[in-house]
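Participant: Prediction below, plus the sequence it came from.
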Amino acid sequence: MGRTTLGKFVADYDIQSFNQKQKLELLRTLESVGLRSVGELGDMVDSDRCKWLFWNLHENFDAIRLMEPTLQARITSMQFTIQDNLTLHGTDIVDKRLDFSCTWHLQLTYPGCQDEIDHAIGNGWINLAIAQALPPYPFLGQGQKAFLDADHTVYPSQLFLDGWISEQVWHELRSHFGTANPTCRTDVVLQDNGLFPVKSLFDFVRGPPGAIGVMNMEFRAFSHPTERRLHRRSEPRQRS
């Protein structure tokens, strides 16, 4: 092994070791909440339900998969940003970003219940780059769309999603965000079969220590509250 290769290996090992330590420290702070039973979720505050989900997706992955966790972001406001950047090579790059503020909800399927149970897990943000291919930021794996991060220094106990969508998806969506009808709503939905904890076992998702990698995002545009209710009742539940 050459000196350069060895140096890179040592640096990568140090980073992985540091990230692993950070992840263990983060999960340790969530453990007391994560170990509580699913029946106690209704009595928890929003932030504790968020901590419960993150701990169980990391430490109790197979069991929580059976509950088919679905995260739904109900968008309350949107900002679309275009920035013209000049790269080091003298090439103009146009950065397009979507910033959503939203309220997050966790839906779980309990044994013996026909419909999923809905739990609020607080407010947060969704920050999406619009690009033709996987952008350099945020740092994602090939095929990964985003990651969820609950360990935010400015807004603790809120849920943040960083990721990207294609230009084609944005063109399909943009008309739904421009409507003046107050009964219209667009949600971002993350199904259980697209959520994976960021850990050494899953090398196809990346993100901050303790984050949740997102492999797929679904956008749902509704024109009337009744349409939303009918959609939820008729929607097939997908088990991974």
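Facilitator: Happy to help now that I have it.
Participant: what number of residues lie near the nearest residue to Asn60 once chain neighbours are set aside?
Facilitator: Excluding the flanking residues, the one nearest Asn60 by Cβ to Cβ, 6 or more residues apart in numbering is Gly34, at 7.4 Å. Where you see a C-beta, it was placed from the backbone N, CA and C, and this is true even at glycine. Residues contacting Gly34 under the criterion other Cβ atoms under 10 Å number 20.
Participant: Gly34 is in contact with Trp55, isn't it?
Facilitator: Yes: look at Gly34 against Trp55 with Cβ atoms under 8 Å: they come within range, at 2.6 Å.
Participant: any shared contact partners between those two?
Facilitator: Contact criterion Cβ atoms under 8 Å, 6 or more residues apart in numbering; residues shared by Gly34 and Trp55: Leu27.
Participant: Quick one: the helices in this structure, in order.
Facilitator: Using DSSP state H, the helices assigned to the chain run over residues 3-34, 46-59, 61-65, 167-177, 225-234.
Participant: Lowest average confidence across the ones you listed, which one?
Facilitator: The weakest mean pLDDT among the helices of the chain belongs to helix 225-234, with a mean of 52.
Participant: Look up how far Leu57 lies from the most centrally placed residue in the chain.
Facilitator: Taking Cα atoms, centre = their mean, the centroid of the chain lies closest to Leu148, which sits 3.4 Å from it. For Leu148, the distance to Leu57 equals 9 Å [Cβ to Cβ, to the nearest Å].
Participant: intersection of neighbour lists for those two?
Facilitator: Between them, Leu148 and Leu57 share the contacting residues 195, 212, judged by Cβ under 8 Å, 6+ apart.
Participant: got the end-to-end distance for stretch 181-200?
Facilitator: Distance between the boundary residues of stretch 181-200 (Cα to Cα, to the nearest Å) amounts to 46 Å.
Participant: Buried residues of it, list them for me.
Facilitator: The neighbour-count check on stretch 181-200 (16 or more other Cβ atoms under 10 Å) flags 184-192, 194-199 as buried.
Participant: Over to stretch 45-64?
Facilitator: For stretch 45-64, a neighbour-count test (16+ other Cβ under 10 Å) marks 46-59, 64 as buried.
Participant: Mind picking the two most distant members of those residues?
Facilitator: Longest distance between any two of the buried residues of stretch 45-64 is 20.8 Å, between Asp46 and Glu59; criterion Cβ to Cβ.
Participant: check contacts around Gly34.
Facilitator: Taking Cβ under 8 Å, 6+ apart as the test, what Gly34 contacts is 27, 51-52, 54-56, 59-60.
Participant: for this protein, which spans come out with low pLDDT?
Facilitator: Across the chain, the ranges flagged by pLDDT under 70 are 1-16, 86-92, 151-157, 224-240.
Participant: Identify the residues contacting the closest residue in space to Leu140 that isn't next to it in sequence.
Facilitator: The shortest distance from Leu140 to any non-neighbouring residue, by Cβ to Cβ, 6+ apart, is to Arg206 (5.7 Å). Contacts here follow Cβ under 8 Å, 6+ apart; on that basis Arg206 touches 139-141, 144, 147, 198, 213.
Participant: Just read off the phi/psi values of Arg206.
Facilitator: Main-chain dihedrals, Arg206, degrees, to the nearest 10: phi -130, psi 160.
Participant: Any figure for the gap between it and Gly141?
Facilitator: Distance, Arg206 to Gly141, using Cβ to Cβ: 5 Å.
Participant: hmm, back to that, closest one of the contacts of Gly34 to Pro135?
Facilitator: Closest approach between the contacts of Gly34 and Pro135, by Cβ to Cβ: Phe54, at 25.0 Å.
Participant: circling back to that earlier point, please pick the buried ones from the contacts of Arg206.
Facilitator: 140-141, 144, 147, 198, 213.
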